[in-house]
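1. sharing a sequence plus its predicted fold:
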There are 2 protein chains.
Amino acid sequence: MYTRGSGVSTGDLSRLTRFDSASRSVHFRDQPERARKGMTTQKRRRPGETRDMLMEAALTLVGRGRHFASLGIREVTRQAEVVPTSFYRHFRNMDDLGLTLVDELGVVLRGMMREARANVLHADKLMDESVAIFVNHVQANRNFFTFMAQGLAGESQAIQQGIRNEMQFFASELANDLRNLRLLTRLSDEDLDMACELVVRTVAFSLTDILSISPEDEAELARIRRRTTRFLRMIFIGADHWQSS
Amino acid sequence: MYTRGSGVSTGDLSRLTRFDSASRSVHFRDQPERARKGMTTQKRRRPGETRDMLMEAALTLVGRGRHFASLGIREVTRQAEVVPTSFYRHFRNMDDLGLTLVDELGVVLRGMMREARANVLHADKLMDESVAIFVNHVQANRNFFTFMAQGLAGESQAIQQGIRNEMQFFASELANDLRNLRLLTRLSDEDLDMACELVVRTVAFSLTDILSISPEDEAELARIRRRTTRFLRMIFIGADHWQSS
DNA sequence: GCCCCTTGTGTACATTCGTACACAATATGT
DNA sequence: ACATATTGTGTACGAATGTACACAAGGGGC
């Protein structure tokens, strides 16, 4: 495995030994409390628990203001109270972890849709209720949605594409629902899809509004809800008059 | 923080490259070429040139797929061919640099508005031309806009707020222009502002579309242009029928 | 000329990072 | 029950980072 020794041998070794002694004092910093004393018992966990803890830890850090792209493996494992090398038992690298998180987005969105379908009874309350449900879900999974907002622009290509796909899927489901509700029936399938995409984007953008305010600021939250609803109403009106003008 | 490009290798490769780079004496890695030999002459530069180079370097790295939040001072100075400590002559930290970049956004947007005002002659071509101008500007300043898209969600609060403000300003300018063009005259000032904000958000979102494709992919670019225009048209129709339904 | 102020450079160091490797504890299949 | 696969832990090391400090070069005032 050591392909050649030539690489290191040219370096100034006396300079490097300093790092040895320097890092020794700090050495147990990464190990979680439980491991430090004895390690006679290895903590029992249900399968996949550490894996979940790692994802959870990443989200916690993101929720604490850090950007996912700047998180390191050690940082995450520290937050998860797990030894750094344990990370590799579950993920190949941070991108891999991020991708796994994106997979969860589908679950969350599906849950949101289910709730919306169950609660939206008449069309006239459709928008207010849907927006309210969305806002509630964001509030309930703030860290998670923060990660999504971050990933929408500028994360690894794969993560970005994953989020994009979920949004696309959500939009097409929305189009289905509208069809079933006999709304915007004058639009062609293609135009309806477009309108729904615009709706989803608008709601997604309002995500950044919600996340930029304090979670307890009910007044500002109400303002965002109201504004988002008005955005949607305007889009629906536009869709309703589409191609007729 | 380190090698985080679409992670394929599990370690063997990065191990090799590490040894490879270690074969050169580690010591002068950070110093740019010019400084390595002699340093009898200090490079002459016009005032603020290094500062600009640092900002440029950050944008270059961002354009190369890195996320701004994950950039380090050393990394940027290396790209700028400047010694690390030089950074502090111009910025307190990376956030400070980012904030300075955001300031430039105002300039760019103003230039875009000027061009739009000069070129949009009749209202019927308004949207197509404006979208085209926007797309062109994005293409011409790809790295810069990538940074903006990244900063929109999840960067430091200050950066996020800065971008948000610029968008707000742009929206209000747009409202002004529409007033002057005698468009959407039936809307109250408040409603017109809202509509313009929706327009700006929609265009901003299309930024992520543009940035996610290859710059040379003219076909896909045309598709994006077309779709964005249709989004805007739908919004305008909605605004035009606002409160009348 | 001289002084000083801004900017660039070089060195140093403690800290953090990713990750290879070997071993221990536990879970799982038979 | 026992062998095997999976997961967690401890150790080690070299590369990289942020930043403090002291010094050097050139420019603008007097």
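-> Now that the structure is in, tell me what you want to look at. Residues are numbered from 1 along each chain as shown, chains lettered A, B, ... in the order given.
2. could you chop chain A up by domain?
-> As given by automatic domain parsing, the domain ranges for chain A are A:45-91, A:101-240.
3. so, in contact with DNA strand C or not, the first one?
-> So the one you mean is domain A:45-91. Yes: Domain A:45-91 reaches DNA strand C (Cβ under 7 Å from any atom of the strand) through A:47, A:72, A:73, A:74, A:75, A:78, A:84, A:85, A:87, A:88. Every residue, glycine included, has its C-beta placed from N, CA and C.
4. wait, does that domain contact DNA strand D?
-> Yes: judged by Cβ under 7 Å from any atom of the strand, domain A:45-91 and DNA strand D are in contact via A:45, A:47-51, A:82-86, A:89-90.
5. circling back to that earlier point, for the domains of chain A, could you give me a markdown table that also reports mean neighbour count and distance to residue B:193?
-> Output for the domains of chain A, formatted as a markdown table (neighbours: other Cβ atoms under 10 Å in any protein chain shown; distance: least, Cβ to Cβ, whole Å):
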| stretch | mean neighbour count | distance to residue B:193 |
| --- | --- | --- |
| domain A:45-91 | 18 | 31 |
| domain A:101-240 | 18 | 11 |
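6. could those go into TSV alongside mean pLDDT?
-> Below are those laid out as TSV (pLDDT from 0 to 100):
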stretch	mean pLDDT
domain A:45-91	93
domain A:101-240	94
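7. now the ones you listed in JSON lines, with distance to chain B?
-> JSON lines is the format used below for the domains of chain A (distance: least, Cβ to the nearest Cβ, whole Å):
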{"stretch": "domain A:45-91", "distance to chain B": "4"}
{"stretch": "domain A:101-240", "distance to chain B": "3"}
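8. okay, helices next: where are they in chain A?
-> Under the criterion DSSP state H, helices of chain A are mapped to A:6-9, A:13-24, A:33-36, A:49-63, A:73-79, A:94-119, A:126-140, A:142-152, A:157-180, A:189-212, A:218-240.
9. now the ones you listed in CSV, with distance to residue B:235?
-> Converted to CSV, the helices of chain A look like this (distance: least, Cβ to Cβ, whole Å):
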stretch, distance to residue B:235
helix A:6-9, 60
helix A:13-24, 58
helix A:33-36, 55
helix A:49-63, 32
helix A:73-79, 41
helix A:94-119, 23
helix A:126-140, 16
helix A:142-152, 21
helix A:157-180, 16
helix A:189-212, 8
helix A:218-240, 6
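10. for residue B:135, which of the ones you listed is the nearest?
-> With Cβ to Cβ as the criterion, residue B:135 lies closest to helix A:189-212 of those, at 16.9 Å.
11. hang on, the earlier thing: can I get the domains of chain A in TSV with distance to residue B:162?
-> TSV is the format used below for the domains of chain A (distance: least, Cβ to Cβ, whole Å):
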stretch	distance to residue B:162
domain A:45-91	16
domain A:101-240	12
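12. residue B:54 versus residue A:58, what's the distance?
-> 30 Å (Cβ to Cβ, to the nearest Å).
13. for residue A:156, same thing?
-> Taking Cβ to Cβ, one finds residue A:156 at 25 Å from residue B:54.
14. and what of residue A:215?
-> From residue A:215 to residue B:54 the distance is 36 Å (Cβ to Cβ).
15. and for residue A:125?
-> In terms of Cβ to Cβ, residue A:125 sits 53 Å off from residue B:54.
16. same thing with residue A:128?
-> Applying Cβ to Cβ to residue A:128 and residue B:54 gives a distance of 48 Å.
17. ditto for residue A:131
-> Distance from residue A:131 to residue B:54, by Cβ to Cβ: 43 Å.
18. need the max-distance pair from the residues of domain A:45-91 next to DNA strand C.
-> Every pair of the residues of domain A:45-91 next to DNA strand C checked by Cβ to Cβ; the farthest is A:47 and A:72, at 25.9 Å.
19. mind listing what the closest residue to residue A:202 other than its chain neighbours touches?
-> Spatial nearest neighbour of residue A:202, chain neighbours left out: residue A:231 (5.0 Å); criterion: Cβ to Cβ, 6 or more residues apart in numbering or on different chains. Shown in contact with residue A:231 (Cβ atoms under 8 Å, 6 or more residues apart in numbering or on different chains): A:202, A:206, B:194, B:198.
20. before we move on, what about residue A:77?
-> Shown in contact with residue A:77 (Cβ under 8 Å, 6+ apart): A:30, A:54, A:57, A:83, A:84, A:86, A:87.
21. how about a cut-off of 10 Å?
-> A:30, A:32, A:50, A:53, A:54, A:57, A:83, A:84, A:85, A:86, A:87, A:88 (Cβ atoms under 10 Å, 6 or more residues apart in numbering or on different chains).
22. cool, and residue A:86?
-> A:32, A:50, A:51, A:53, A:54, A:73, A:77, A:80.
23. between the residues you listed, which sits nearest DNA strand D?
-> Nearest to DNA strand D among the contacts of residue A:86 is residue A:50, at 2.9 Å by Cβ to the nearest atom of the strand.
24. so what's residue A:200 closest to, chain neighbours aside?
-> residue A:171 (4.4 Å).
25. residue A:199 is in contact with residue A:183, correct?
-> No: with contact defined as Cβ atoms under 10 Å, residue A:183 does not reach residue A:199; the gap is 11.8 Å.
26. shared neighbours, those two?
-> A:236, A:239.
27. surely residue A:111 meets residue A:137?
-> Yes: the pair residue A:111 and residue A:137 qualifies as a contact (Cβ under 10 Å) at a distance of 7.7 Å.
28. could you tell me which residues touch both of the two?
-> With Cβ under 10 Å, 6+ apart, residue A:111 and residue A:137 have no common neighbours.
29. out of the contacts of residue A:77, what pair is the most spread apart?
-> A:32 and A:88 (16.7 Å).
30. surely residue A:122 touches residue A:183?
-> No: applying Cβ under 10 Å, one finds residue A:122 not in contact with residue A:183, separated by 11.3 Å.
31. quick one: common contacting residues for the two?
-> By Cβ under 10 Å, 6+ apart, no residue touches both residue A:122 and residue A:183.
32. for stretch A:184-196, the distance to its chain's centre please.
-> Here stretch A:184-196 is found 29 Å from its chain centre; the criterion is Cα atoms, centre = their mean, to the nearest Å.
33. that should have said stretch A:112-130, apologies.
-> That offset, for stretch A:112-130, works out to 24 Å (Cα atoms, centre = their mean).
34. how far away is the closest residue to residue A:197 other than its chain neighbours from residue B:169?
-> Distances taken as Cβ to Cβ, 6+ apart place residue A:171 nearest to residue A:197, at 4.6 Å, with adjacent residues excluded. From residue A:171 across to residue B:169, the span is 30 Å (Cβ to Cβ).
35. kindly export stretch A:86-94 (C-alpha atoms) in CSV.
-> Taking C-alpha atoms only, stretch A:86-94 is exported to CSV below (Å, rounded to 0.1, in the frame of the first residue of the first chain):
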residue,chain,number,x,y,z
SER,A,86,-17.4,5.6,13.1
PHE,A,87,-18.6,7.9,10.4
TYR,A,88,-17.3,5.7,7.7
ARG,A,89,-19.3,2.8,8.8
HIS,A,90,-22.3,4.6,7.5
PHE,A,91,-21.3,7.2,4.9
ARG,A,92,-18.5,7.5,2.5
ASN,A,93,-18.2,11.3,3.0
MET,A,94,-20.3,14.3,3.8
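36. reformat the contacts of residue A:77 as a markdown table; add distance to residue A:147.
-> Output for those, formatted as a markdown table (distance: Cβ to Cβ, whole Å):
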| residue | distance to residue A:147 |
| --- | --- |
| A:30 | 24 |
| A:32 | 24 |
| A:50 | 19 |
| A:53 | 16 |
| A:54 | 13 |
| A:57 | 12 |
| A:83 | 24 |
| A:84 | 21 |
| A:85 | 24 |
| A:86 | 21 |
| A:87 | 18 |
| A:88 | 21 |
